[in-house]
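S.K.: the following comprises the amino acid sequence and a computationally predicted model.
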Amino acid sequence: RMRKLERKLEENKIKEEKEAQDLEAMVQHVEQNLQLMTKRAVKAENNATKLKQENALLQVQLKNYKTENEALRLGQSASLAAVRQNADLALKNLLTIITNSRSSIKQLVSGAESLQLVADLLRSIDRIAEVPEDGQ
């Protein structure tokens, strides 16, 4: 009976060691995913910042074109067609930047949500890994 219990105890130890190794491998995998998602989030954030700056620049440019357009209506320099073309081009560029900005912001939000999920998972790993000292 004692040998049987010793064998059972040894089997339980081996099982616990395997579970601990599996848990450690899972933690390492989660950490790698967290690092990857962090890099992606930083990249998306940088891209969003760049696009916001381009957006602001294009808005100023569009305002200038509109002012020039108004000046042409009052009979000043360049032709109205050229101003319209410039304004249309600026508007087209502005709309493209806005679309790209929205996409980058969505990616950033998605990355932040993923990071939150990983953080929650890492918090819960401690609870999963806790084993009472009495072996139950």
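M.R.: Received, thanks.
S.K.: show the pLDDT at the residue nearest to the spatial centre of the chain.
M.R.: With distances taken as Cα atoms, centre = their mean, residue 111 lies nearest the centre of the chain, 2.4 Å away. On the pLDDT scale, residue 111 is placed at 81.
S.K.: that one contacts residue 36, correct?
M.R.: No - when contacts are counted by Cβ atoms under 8 Å, residue 111 is not listed as touching residue 36 (10.0 Å). Every C-beta, even on glycine, is put in place using the N, C-alpha and C of the backbone.
S.K.: give me the low-pLDDT residue ranges for this protein?
M.R.: Applying pLDDT under 70 to the chain flags residues 75-80, 126-136.
S.K.: same thing but at 80, please
M.R.: Residue ranges of the chain with pLDDT under 80: 71-83, 125-136.
S.K.: in it, which spans are strands?
M.R.: Assigned by DSSP state E, the chain shows no strands.
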